[in-house]
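**Student:** Kindly return the folded structure for what I paste below:
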Amino acid sequence: MSQLDMNALLSRLLNQVADLGAEADLIANRDKAFSLKADKGELAEYKVTSSQQIGIRLIKEGRVGIAYSESLDEAALAAMLQDACDASRFAKLDADQAIRVEDSQISTDCAEINQPDGTPVEEKIALALRLEADMLAQPDVTGAPYNSFFEGESRLWLANSRGTLCQHQEFSVGCYSSALISRDGRQSMHSQGQYGRRFDELDSQSLITQIHAVAHALLAGEAVPSGRYGAIFTPNALASLFGCFQAALSGKWAQQGINPWRDKLGQQVASRWLSLESRTYMPGGMNIKGFDGEGAPTRDLLLIGEGELKSMLHNSATAHHFGIASNGSAARSARGALDVTARHLVFGTGPHSEAEVKSGEYLELVKLDGLHSGADAVSGDFSFGASGFLCRDGVRVQPVRGITVAGNFYRLLGELEAVGDRLHHDDGKGFYAPLIRFGGLSIAGK
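**Tutor:** You can find the predicted model right below:
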């Protein structure tokens, strides 16, 4: 279906919604994916998939009905519309939800996220096979169980009853590998990925080197004595930790009364060295988008400034509930209900050099296990298995395994010992932070 055909289909559905005395927003998406997996020197998977979905959030007499279809034929769309009407009849009144974004005509204007790809498929196959072969050639590697290349193309349309029609298109690539190292009866395994917008951005050799270095270094890891330690999380580990508690920034959680920061606006929630933004654009970022899940323009948003909670993430419904303006942070998929999300989470740089952050003794934590089962987003308490390195003045002096890291996330944000002056990003390029040294982390070891 062409762009013109999709626009006409959305317009026709919205006319049918109007005939029912209702309003709605519609999200349609079309995705294509290509993936390769290597195993035992051969191509174990060559998969090409495509999918499409259309979803409706229908609002009639203050009640919301949500439905979706994976088919765009007339019968399926009629059934979707009827399902949404039926769902709205039995839904509770929701005075906060309405179609509020008017006449938004945004197409994400960013050439870097949708670059043409003319790479021959043979080069992609060669990359997948090379990931496994080159990893197995590394010292002490006895297995490389996960090796893959993947790419995806996505198109999205969002339209509503108030004249909004927004469009977004992007293309991304990635690769992934792993190393299982065995020596003297001990084993260690590490996996990692790379993501980008062009095939030539992928560097299999640097990925293999990073993965092997971590797995090899952790092989001899032992637990450190139990106690309290300063700690620095790698960008991937910090992103995973923060993801468990990101709901503290959610206006929807505040609306539901379960956000621990719901009454903290304008108050200190973290060290004065900590600032946090949601940014619509970061060079090379993987969360670039011109509009949110309701069609409102996305924008940079200061969430925490010098430790003070400045704002939460709001869609039009949560903003209406609190009597404030939406800030372009709505999230909704074709299948889902209205929610909120950040774009790129970016922690501000601090006053310390990286040498100062790494001075003295501390733990560098590179892997966290049991994240979501060991985290309570409401209370902030967490307890995770962890691996990493005991470091002294920036030098790894002992690999560490078999420890449990415990604490309270919200208190941890106020116990910063140092914040570095350079930004780093996680593999997914959606989370950016300087080196942050946290104090007084409780470690259960030996």
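**Student:** Pretty sure Ala331 sits against Asn315.
**Tutor:** Yes: shown here, Ala331 and Asn315 form a contact pair, counting by CB atoms under 8 Å, at 7.4 Å. (Each C-beta comes from the backbone N, C-alpha and C, glycine too.)
**Student:** Poorly predicted segments of the stretch 201-350 of the chain, please.
**Tutor:** Of all residues in the stretch 201-350 of the chain, none has pLDDT under 70.
**Student:** Check which helix or strand the closest residue in space to Ile436 that isn't next to it in sequence maps to.
**Tutor:** Setting aside the residues directly before and after it, Ile436 is nearest to Val419 in space (CB to CB, 6 or more residues apart in numbering), at 5.4 Å. Here Val419 is covered by strand 416-419, with elements defined by DSSP states H and E.
**Student:** helices or strands next to the helix or strand that that strand is followed by in the packing?
**Tutor:** Scanning forward in sequence from strand 416-419 by DSSP H and E, the next helix or strand is strand 424-425. Other elements packing on strand 424-425 under the criterion 3 or more CB pairs under 8 Å, 6 or more residues apart in numbering; DSSP states H and E are strand 431-433.
**Student:** List the contacts of the strand it packs on.
**Tutor:** 235, 238-239, 242, 282, 344-347, 423-426 (CB atoms under 8 Å, 6 or more residues apart in numbering).
**Student:** From Met135, how far off is Ser148?
**Tutor:** Taken as CB to CB, to the nearest Å, the spacing of Ser148 relative to Met135 amounts to 12 Å.
**Student:** Check Ile106 too.
**Tutor:** Ile106 sits at a distance of 43 Å from Met135 (criterion: CB to CB).
**Student:** roughly how far out does stretch 404-418 sit from the chain middle?
**Tutor:** Centroid displacement of stretch 404-418 relative to its chain, using CA atoms, centre = their mean, to the nearest Å, is 22 Å.
**Student:** in that stretch, what counts as buried?
**Tutor:** 404-405, 407-410, 412-418 (16 or more other CB atoms under 10 Å).
**Student:** Any chance of a markdown table for the residues you listed, columns pLDDT and distance to Asp83?
**Tutor:** What follows is the buried residues of stretch 404-418, written out as a markdown table (pLDDT from 0 to 100; distance: CB to CB, whole Å):
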| residue | pLDDT | distance to Asp83 |
| --- | --- | --- |
| Thr404 | 96 | 47 |
| Val405 | 95 | 46 |
| Gly407 | 93 | 46 |
| Asn408 | 94 | 43 |
| Phe409 | 95 | 40 |
| Tyr410 | 96 | 41 |
| Leu412 | 95 | 45 |
| Leu413 | 96 | 43 |
| Gly414 | 95 | 48 |
| Glu415 | 93 | 50 |
| Leu416 | 96 | 50 |
| Glu417 | 96 | 54 |
| Ala418 | 97 | 54 |
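**Student:** follow-up on the earlier one: which one among the contacts of strand 431-433 gets closest to Gly388?
**Tutor:** Leu238 (12.1 Å; CB to CB).
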